[in-house]
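*Asks:* sharing a model prediction with you, sequence too.
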Amino acid sequence: MLTGLPLFHFFDCGNSYCGEHKGMRYRIEPVKKEEGKELRVILWPEPWCLEKTPEAQRRVKSFGYDQAGLDEAIAWLSQAYQAEKETWKAALELPWSEAAAKATENTAPAGEN
């Protein structure tokens, strides 16, 4: 399902990778922690970029910092897609006006409490 992703070396050089698959968007990034490094995967629905997607719609999972960890991350993404195909398809087909309303329905305008 998810093909063409970079090898672990790409991430070991400090690079992040963003992609999408039929309504499911994701980012794989290397993260430095006190205990060492890990690969973090963030998953969210279309149509917005990560920064514009409400946190409630994001999922985050960490994996080992090696090729095996990357393989696990890719398997997790594949499982997430397969388990929620209809959700991703609905996100892909949602009109922009409805997506905008959905993304902002729980957000108060700046300056309001």
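*Replies:* Alright, I've got the coordinates.
*Asks:* where do the helices sit along this protein?
*Replies:* 8-12, 67-83, 85-93, 96-104 (DSSP state H).
*Asks:* among those helices, which is nearest residue 27?
*Replies:* helix 67-83 (10.5 Å; CB to CB). Backbone N, C-alpha and C define where each C-beta goes, glycine included.
*Asks:* of the helices of the chain, which is nearest residue 30?
*Replies:* Taking the helices of the chain one by one with CB to CB, helix 8-12 is closest: 4.7 Å.
*Asks:* chain center to the closest one, what's the gap?
*Replies:* 18 Å (CA atoms, centre = their mean, to the nearest Å).
*Asks:* how far off centre is stretch 12-30?
*Replies:* Taking mean C-alpha positions (CA atoms, centre = their mean), stretch 12-30 and its chain are 7 Å apart.
*Asks:* got the end-to-end distance for it?
*Replies:* End-to-end distance of stretch 12-30: 7 Å, with CA to CA, to the nearest Å as the criterion.
*Asks:* could you pull up the mean pLDDT of it?
*Replies:* Stretch 12-30 shows a mean pLDDT of 96.
*Asks:* which of the residues in stretch 31-45 are buried?
*Replies:* Of all the residues in stretch 31-45, those buried under the rule 16 or more other CB atoms under 10 Å are 38-45.
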